[in-house]
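A.B. asks: no sequence on this one, just coordinates:
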């Protein structure tokens, strides 16, 4: 955690509200609960799914990030199965049962999103998400309509924390302002650090309650409902 984040979450000094051009949200585990285990378990059972994710030697996080960065699932599965043929069923199960990986909304954060929308604060999202599975989220979660624009890494062919995706974001928010007047919220410290380097006021998400406090100290209209 940075010194600034520690200050925000410690003494929370009284700060004069600063103009904010936009608030940019990550989606997975900030607004939408994501867990790959139920999706894989839907195909091979929970015991094999846990073994696959934790004890098989397969680097699921790196494999999944490649899809986030634009690789097709067909190519990703073919490459992984060629290297790990004994895990073919587990590898295929994730995409085939992806809807089970979306465990529901993070209600407290959705409430904050709704307050910002009601106050006409410009809202954007920047998410690491494969292009092929993102429509499942769009169909399921109506609150995604609150965003003026959503930058989906799989569509852009580059994923956080690569600096290039923040250049994409800058182009998409240019009509409301620059990144230096945007707040960015993400549960990944690597992504938060990359956003800070890009000039954004970056907040590390840990809980809706902490996020509400962090936004209040920045002068945003997210008091308790």
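C.D. replies: Yes, it's here. From a predicted model like this one, the values you see are computed outputs, not experimental measurements.

A.B. asks: Which secondary structure element is home to the residue lying closest to residue 76 once chain neighbours are set aside?
C.D. replies: Beyond its immediate neighbours in the sequence, the residue positioned closest to residue 76 (Cβ to Cβ, 6 or more residues apart in numbering) is residue 67, lying 5.2 Å away. In this view, the C-beta of every residue, glycine as well, is placed from N, C-alpha and C. When secondary structure is defined by DSSP states H and E, residue 67 falls within helix 60-68.

A.B. asks: Mean confidence (pLDDT) on that helix, please.
C.D. replies: For helix 60-68, mean pLDDT is 98.

A.B. asks: Strands along this protein, start to end?
C.D. replies: Taking DSSP state E as the criterion, the chain contains strands spanning 22-25, 32-34, 102-105, 123-127, 149-152, 182-186, 201-204.

A.B. asks: Neighbouring strands of the first one in the sheet, and parallel or not?
C.D. replies: It stands for strand 22-25. The strands beside strand 22-25 in its sheet (DSSP bridges) come out as strand 123-127 (parallel), strand 182-186 (parallel).

A.B. asks: I would like the residues contacting the first one, please.
C.D. replies: Contact partners of strand 123-127, identified using Cβ atoms under 8 Å, 6 or more residues apart in numbering, comprise 22-28, 31, 113, 116-117, 134, 144, 146-153, 160, 165-166, 169, 172-173, 182, 184, 186.

A.B. asks: Over to stretch 61-77?
C.D. replies: Residues contacting stretch 61-77 (Cβ under 8 Å, 6+ apart): 36, 80, 91-92, 94-95, 128-133, 153-159, 162.

A.B. asks: Filter these down to the buried ones.
C.D. replies: By neighbour count, with 16 or more other Cβ atoms under 10 Å, these hold 36, 80, 91-92, 94-95, 128-131, 133, 153-154, 156, 158-159, 162 as buried.

A.B. asks: My guess is residue 44 contacts residue 88. True?
C.D. replies: No - in this structure, residue 44 sits apart from residue 88 without contact. The criterion is Cβ atoms under 8 Å, and the distance is 10.1 Å.

A.B. asks: thinking again about what came up before, buried ones among the contacts of strand 123-127?
C.D. replies: Restricting the contacts of strand 123-127 to buried positions leaves 22-28, 31, 113, 116-117, 134, 144, 146-147, 149-153, 160, 165-166, 169, 172-173, 182, 184, 186, with burial counted as 16+ other Cβ under 10 Å.

A.B. asks: Burial check on the closest residue to residue 23 other than its chain neighbours, number of neighbours?
C.D. replies: Among residues not flanking residue 23 along the chain, residue 183 sits closest, at 4.8 Å (Cβ to Cβ, 6+ apart). As a burial measure, the neighbour count of residue 183 was computed by other Cβ atoms under 10 Å and equals 22.
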